Structure formats: C-alpha cells, structure tokens
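S.K.: Just a sequence and a predicted model for now, questions to come.
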Amino acid sequence: MQTFSGVGVAPGRVLGPVRQMPKPVQEPAASPQGASNIPADVTVESQGQRIKDAAKAVQAELRARAATASGEGKEVLEATALMAADPMLVKSAIRLLSPETPGGARTAERAVWEAAATVAESLKALGGYMAERVADVLDVRARIVSELRGLPAPGIPASDVPFILAAEDLAPADTATLDPAKVIALITSSGGPQSHTAILARALGLPAIVAAPGVDGIGDGTEIYVDGAAGTVTVDPGEELRLAAKTWATQASTVAAFSGDNALADGFRVPLLANVGTGADAVKAADAGAEGVGLLRTEFCFLDRDDEPTVQEQIAAYSAVFAAFPAKKVVVRTLDAGADKPLPFLTNADEPNPALGVRGYRTDLTSPGVLERQLKAIAAAEAANQAEVWVMAPMISTAEEAAHFAALCSAAGLKTPGVMVEVPSAALTAATVLREVSFASLGTNDLTQYAMAADRQLGPLATLNDPWQPAVLQLVKLTADGAAAASAGGSTRPVGVCGEAAADPALAVVLVGLGVATLSMSARALAAVSAVLATVTVAQAQKLATAALAAPSASAARQTVRAQLPILDELGL
Amino acid sequence: MSERTATIASRVGLHARPAAIFAEAAGELDIEVTIAREGEPADDAMDAASILSLMSLGASFGDVVVLRAEGAGADEALDKLVKILETDHDAE
C-alpha cells in the first residue's frame, strides 16, 4: 500500500479509480532563425493534410460530446466544434507551413499555434462578446495541437464511471466544467488551501487534498482511497479502508441536515450564516437552513463587465438575494475588486504588487462614485424587501477609513455599517476601528495571507497559509477583544467570521472560544459545523481556544484541538 | 459571379447561435461563398463558412452584408443563405 500525504481541504472518505488531468499543452517550439526543425521527408502537403485531419478529429469529438450535453453546455460545445475545423483557421495555419511565409516554414503544431494566436488577438481587439470567445479559440488550439501530438485532449477527462480527479492544480476554467456527478474527489500535487481547487471542493462538498507531491503520477484507473480530513491518499487500499469509505458514506447522509437555530451544548446561540454570490445561491442556502447571509459577494454583478452596472441592475441583483431571507440578516460586502478579481473600469492591471494595491474599499480613492452608487442600490433593494441589511467594506486598514465608510452608508440611508477585518492593522486597532462602525467580519483568507506574508495561491507556502497559525488566531482574539472594548457602555459590536476558516468544524469551535459571535460559510458546510459545535459548551470552546493560541505551530494547534473533539473522528470530519 | 445583399435580422447580430447556423449552412455547400459588409471591396470579403471570420466581421442587427459566389447553383445557394440571415434566430 503506497500512500501520499498533503493538506486536506475538504473532508470525506471515498474510494474510486484515478483519472489524471492531462498536463497543460506546451507551446510548440518555433524554428530557430534561418534553420528548420522540419524533417526532410515531410512535405507541405502532408503537413497540411495532418492539420486538416486533426481539426476534423477534434470537431468530431466535440460534436459527440455536444450530442450528450444539454442546454447552454450543448450550444457552447456545438459552437466550439464549428471553430475546430474553421476553414479560415485551417487555411491560415496551412499558409504558415510554406517556406515562403515570413519567418519560414513552421511545423504543423507551430502553424496551428500561431494561426490561432492571430485569430485570438483579433477577437480580443474587438472586445465585448468577441473577446470572451478568445478562451474558446485557445481551447480549440490546445485540442488540435494535442491531437497532432497524439496526446489526450486537455481538460477534465470524460468518463462513464465516477472517478477521483488527480492534477497538478486546477484552473478556474477547469473548475467550471467539472461535473460533480462524475468527480467524487479532487487531489492535486500543488496548490494551497485557498487555491481554486480547494474553494471549488468546499463549494461542491467534494473531499479534496492539495499540495500532495506525487499524486499527479498515479496511473490512470488505479484504485485509491482518499481521506480529505486527514489529507492522505492510499493506493490499492485494504479491507479496513474500504470499510471506512462505506461507513463515511452512511454517516455523511446523517450529517447532511441542518435545521437552523445553531447552538452549543449549553444552549449558547452561535448563528450559522451562508456565504453567497447570487440570488440562486441564496435560495439554496436558505433551503440548507442558513440563518441568514454572512457574506454577500457583490462582485457577481460586476465581474465580466467592461463598465459599471446601473443602479437599477444592481437593485435587481441584490433584491434576488434579500428576497430569500425575509426578516433575516444579510451582510452585504461592497465591491471587492482588485488583486485576483480585476475589473477593467476600476482596477489597474499593471500594479507591481496587486495584493497590496488599490483593491477592495481602496478603489473608492481612484474611482470615486462607484461605491456611493452601490450603496444607493443596496438601500433601495433593502427598502423593497424584508431582509435586515448590514453593509461592510472590504480591505479597511484604519479607523479613519471606517469612519468615512460609515458616513457614506449613513448618507445612503443604510443603518448598519461595518468593516471586514482582513488587514492586520485593522485587527490590531480594532478597539478604535469598531468605535466608528456597528460590526466587524473577519475575512480569514486574506487576514492569513497578510499576517503570514504568504500568497494564497502558492503551493509551497501552504503550511504558512493556514488559518490555524497561532498568529492568525491571535489577530482574531485582538479583534474580538477590541470590539468588546468599543462596545463598553454602548451597543454591542458583534464580530463574525466569513472566511474559509469558519467552515472547518474544529476551527469553528476555536473561533467561538475566541469570542466570535457568528460564523458564515458555504452552505455545504453548515451541517458539519453545527454537528460539532453542538458537542461543546462555551467554557470548553474557550479552553480549546486558549490551547490553540499557546501552540507552537499551526499543526500543533490543529492536533491539540482535534484530539479534544472525538465527534470529528466519529463523523469522519 | 452572383451577388446578394441581406440585412441581419437576429437581435444579437451575426454571432453566437445565428453565426453558427449560418456558417454551418455555408460549409455544407459545394461552392465557396464570401461575405463582406456592404460597400467594402470584394477583395476583403471573408469565407462565409468560417465562424471565426463571421465573428470578426462584427455585423450587428440591421447591418447590410453582401454575399458572393461563383459556379453552378450559386444563385440558389445565395438565396438560401440570405434567408438564414434575414431570419431572427433568437425569436425561435
């Protein structure tokens, strides 16, 4: 039994065959200046025929997939199939095979690569809908080049049976095409706990392990066992692990229900809220028992846009979310653009250090007006619905910024302004920051990346980028203590958590022990977090929090706390 | 050389589904058909069977385009293609 270990990012114990994600297609080499890397026995005609055949083969494969797809997916596949054997694309590639073209004769692979790049450039220049098709052209190019090389087509492998997907890492585009009915777990050799793979796995409730070196070398079809809580992958598992997977499947169905009204063993209430992005998400979250929304990501109505959405469009988008939670709390985060979420009309793509750049609330400095119009839309949507609307700004660093944001909210008629605490300076000065606003919400993903100075997306930094780091927990405690000090003699300023940390049931116990009042997570995680919180009292949670703070490392903190929570092992969490 | 003009009837213009339907129909013909915006030289006309060319043509709703073809059955083929362009495929 060979085993691999990595960072478990979504719990679950499953058994199944591995399918490897093909490696990204490498750019075919260009001919060196004046020389040719084309063997003497190939002719322009034979290469031209190879290109035509490869294009036809890719087209046939895409058509076959379109035939089994439905709805929008079917239309996209059909359009992509047409592009694959597009006469203009094929002709311009064949033209590049000729020794008379500027730059000399190309190999078939190189000719397809360059011809498609030219098409992609011209579509990009047209902007709007055309620019969005660039990805399709590049996808077709990768498929034709793979076909010419006799390699499997890029993208998530097609399969009739459910499988465990292994990859080096997944890109956002891959995660969009992943079929949760076919993929039962994700394992990657690189990537970190905040990588796209990890975020997708949590949203879909798929067991997942990242940063597990070697898993991208396991042979296709090999049967493996994945334990997403322990972070281990076992090749050719024995009887004992088979049984563990079976037991987990039964338990998972019992944990799957959350009734709302979350409380600890002593009856202390800790409302569990959901992180949502759209009206459809909100409906699902309400069905899953969420007691409100702890994070409404408003980027969804801004992303993929060349210009700012109108106030009317925004009102409609926010209303769709508010309508799912009448008389419940909905915390709206104002536009969080920048860094990994660039927007052409707000952010500057050329910043040398985007994570430390003009992002989040800071875009109000460079594009004044956008935030005020958004607050106006939120206020109008609140007036048209029954939800209790709270509003918070991302990336607040100082009390001054908090005060300015509160003034903007007040001018828009919004009664409950708050701040995200993601920048360590806001945590360190929470007592003064919270005097300016009514609440705070800890964004643990960014707070961890800034406290540890470790990029969220980098696999080698995965152990630093861990919300269990005692330094991060200390910042959580400082925020909760600062809020309590700011509340003294006045109204209570609650502190919530809306980062991925809240979805880790063991860490959720620690956060409550540190003084966090509400936890917001992807709707999938509600039941597991609730089941674990129900087994501890406030006093026990505080004791575990103290132990975690005193731990010498993130892994020691995690182990110490997990050892005191037997329910985790019982439920396979 | 046969020639026809047509006015784009699909609300989204000549891309997405309307372009796919048109390119597919042009690709099934035995003769080569070109497409250009009205008033542009015939030399700049593009292959009507290429969805990528159609997309870069960027013809919007109400724009007039010129189709050209040569050889046996050209008139018949062009009539058929004009009909496709002058149908609003989004309304279906």
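M.R.: The structure has been received and is ready for your questions.

S.K.: what's the pLDDT at residue 48?
M.R.: By default, I'm working from chain A. At A:Gly48, the predicted lDDT confidence score is 92.

S.K.: wait, chain B
M.R.: For B:Ala48, pLDDT reads 94.

S.K.: Return the residues in contact with it.
M.R.: By Cβ atoms under 8 Å, 6 or more residues apart in numbering or on different chains, B:Ala48 lies in contact with B:22-23, B:26, B:33-35, B:54, B:67, B:81. C-betas here are computed from N, CA, C, even on glycine.

S.K.: list the contacts for the nearest residue to B:Met1 once chain neighbours are set aside?
M.R.: Once flanking residues are discounted, B:Met1 sits nearest to B:Glu70: 5.3 Å by Cβ to Cβ, 6 or more residues apart in numbering or on different chains. By Cβ under 8 Å, 6+ apart, the contact list for B:Glu70 reads B:1-2, B:31-32.

S.K.: which residues touch A:Ala381?
M.R.: A:314-315, A:318-319, A:322, A:389.

S.K.: export those to TSV and tack on distance to A:Gly219, neighbour count and secondary structure?
M.R.: Converted to TSV, the contacts of A:Ala381 look like this (distance: Cβ to Cβ, whole Å; neighbours: other Cβ atoms under 10 Å in any protein chain shown; DSSP: H, G, I helix; E, B strand; the rest coil):
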residue	distance to A:Gly219	neighbour count	secondary structure
A:Gln314	50	22	helix
A:Ile315	54	21	helix
A:Tyr318	49	27	helix
A:Ser319	51	19	helix
A:Phe322	51	25	helix
A:Val389	53	24	strand
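
S.K.: For whichever residue of chain B sits closest to chain A, grab the count of nearby residues.
M.R.: Closest to chain A within chain B is B:Ser50: 3.7 Å, counting by Cβ to the nearest Cβ. For B:Ser50, the count of nearby residues is 27 (other Cβ atoms under 10 Å in any protein chain shown).

S.K.: Distance of it relative to A:Ser92?
M.R.: 10 Å (Cβ to Cβ, to the nearest Å).

S.K.: Turn the contacts of A:Ala381 into a markdown table, including distance to chain B and pLDDT.
M.R.: Formatted as a markdown table, these follow (distance: Cβ to the nearest Cβ, whole Å; pLDDT from 0 to 100):
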| residue | distance to chain B | pLDDT |
| --- | --- | --- |
| A:Gln314 | 24 | 95 |
| A:Ile315 | 25 | 96 |
| A:Tyr318 | 27 | 96 |
| A:Ser319 | 26 | 96 |
| A:Phe322 | 31 | 97 |
| A:Val389 | 36 | 98 |
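
S.K.: Quick check: which ranges of the chain have low pLDDT?
M.R.: Reading this off chain A. A:31-40, A:72-73, A:172-173, A:175-176, A:253-256 (pLDDT under 70).

S.K.: that answer is for a different chain, and I need it for chain B
M.R.: For chain B (pLDDT under 70), the answer is B:90-92.

S.K.: Show me the helices in it, by range?
M.R.: Residue ranges of the helices in chain B, as given by DSSP state H, are B:16-27, B:51-57, B:74-85.

S.K.: If any of the contacts of B:Glu70 are buried, put those into a PyMOL selection.
M.R.: To isolate the buried ones among the contacts of B:Glu70 in PyMOL, judged by 16 or more other Cβ atoms under 10 Å in any protein chain shown, type:
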select buried, chain B and resi 2+32
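
S.K.: Going by distance to A:Phe300, which of the contacts of B:Glu70 wins?
M.R.: B:Glu32 (44.8 Å; Cβ to Cβ).

S.K.: can you list the residues of chain B near chain A?
M.R.: B:15-17, B:20, B:23-24, B:27, B:46-47, B:49-53, B:55-56, B:58 (Cβ under 8 Å from any Cβ of the partner chain).

S.K.: Just the buried ones out of those, please.
M.R.: B:15-16, B:20, B:23, B:27, B:46-47, B:49-53, B:55-56, B:58.

S.K.: where along the stretch 351-500 of chain A do the helices fall?
M.R.: For the stretch 351-500 of chain A, helices defined by DSSP state H, counting those that start in this stretch occupy the ranges A:363-366, A:370-383, A:399-412, A:424-428, A:430-436, A:444-452, A:470-487.
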